[in-house]
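In: below is the structure, and that's it, no one-letter string:
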Ligand SMILES: Nc1ncnc2c1ncn2[C@@H]1O[C@H](COP(=O)(O)OP(=O)(O)O)[C@@H](O)[C@H]1O
Ligand SMILES: Nc1ccn([C@@H]2O[C@H](COP(=O)(O)OP(=O)(O)O)[C@@H](O)[C@H]2O)c(=O)n1
Ligand SMILES: [Mg+2]
């Protein structure tokens, strides 16, 4: 197990003083809600490292790994890759960053992701940033995204919306019941969304400084 997780577990178990206090924010919302766009802004202003689960999976797919074909098929089909694969990629990226503040974008996307991350790392998110956006607006954005993604076509998008409603929204509801969700109206222009995002991170910084 990586040192970053050992450090977090020490903190959870309270057996010895933590080496490092890790701050993790989960960034969730449907496909095209603006997670990646806003994370880039947050990085600039608040010193986080941005880890997109989707980007890490696409990089793994392209690296010629044994899991490449499985990842490719699942992404095209909008299915959620088993957490064993995704968590390994996230932890490796956390280690490599050397940072202690992370935006984890697009994860956890189902209950299996959520429970596995909690049991493997012992990390509880500081909060969950939730980009709330109507489906028709998300569909328009994804179809105009132009990043050459194999899943940004209408057929894959329909499947992704279904998975989002059936598997990802329940995770957001779970965190909402614990008072951890910071909901943002993501239907507005990028700059206006970021005004709301900034308020959330500024109040966290004030809490930490207090
Ligand atoms: N608030 C917004 N208004 C209009 N377009 C946006 C907004 N936020 C992001 N976009 C655009 O929508 C597309 C999807 O955004 P992205 O950040 O990749 O979303 P996600 O990571 O949630 O799928 C991109 O082309 C992006 O430039
Ligand atoms: N936790 C995750 C995140 C993404 N993925 C896969 O990667 C795809 C793209 O995720 P993404 O976060 O890049 O997509 P967007 O929400 O940014 O449009 C998902 O539809 C899943 O197939 C996954 O399996 N598990
Ligand atoms: Mg994204």
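Out: Cool, the structure landed. Predicted model only: the values in this text are computed from it and were never measured. Ligands and ions are numbered 1, 2, ... in the order given.
In: list the contacts of residue 105.
Out: In this structure, residue 105 makes contact with 27, 35-36, 39, 50-54, judged by C-beta atoms under 8 Å, 6 or more residues apart in numbering. (Each C-beta comes from the backbone N, C-alpha and C, glycine too.)
In: kindly report the same for residue 84.
Out: Here residue 84 is in contact with residue 116 (C-beta under 8 Å, 6+ apart).
In: how much space separates it from residue 111?
Out: 15 Å (C-beta to C-beta, to the nearest Å).
In: ok so, going back, can you pick the most crowded of the contacts of residue 105?
Out: Top of the contacts of residue 105 by neighbour number is residue 27, holding 29 neighbours under the definition other C-beta atoms under 10 Å.
In: give me the contacts around the longest helix that the chain contains.
Out: Of all the elements of type helix in the chain, the one with the most residues (DSSP state H) is helix 190-209. Judged by C-beta under 8 Å, 6+ apart, the contacts made with helix 190-209 from elsewhere in the structure are 34, 37-38, 41-42, 45-46, 126-127, 129, 131, 182, 184-186.
In: about what we covered before: would CSV of the contacts of residue 105 with secondary structure and pLDDT be doable?
Out: Listed next are the contacts of residue 105 as CSV, based on DSSP: H, G, I helix; E, B strand; the rest coil; pLDDT from 0 to 100:
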residue, secondary structure, pLDDT
27, strand, 99
35, helix, 98
36, helix, 98
39, helix, 98
50, strand, 98
51, strand, 98
52, strand, 98
53, helix, 98
54, helix, 98
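In: of the contacts of helix 190-209, which ones also sit close to ligand 1?
Out: Under the cut-off given by C-beta under 6 Å from any ligand atom, ligand 1 has 34, 37 from those close to it.
In: out of the contacts of helix 190-209, name the ones that lie in helices.
Out: Using DSSP H, the contacts of helix 190-209 in helices are 37-38, 41-42, 45-46.
In: which of the residues you listed are buried, as a ChimeraX select command?
Out: Of the ones in helices among the contacts of helix 190-209, the buried ones can be selected in ChimeraX as follows, counting by 16 or more other C-beta atoms under 10 Å:
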select :38,41,42,46
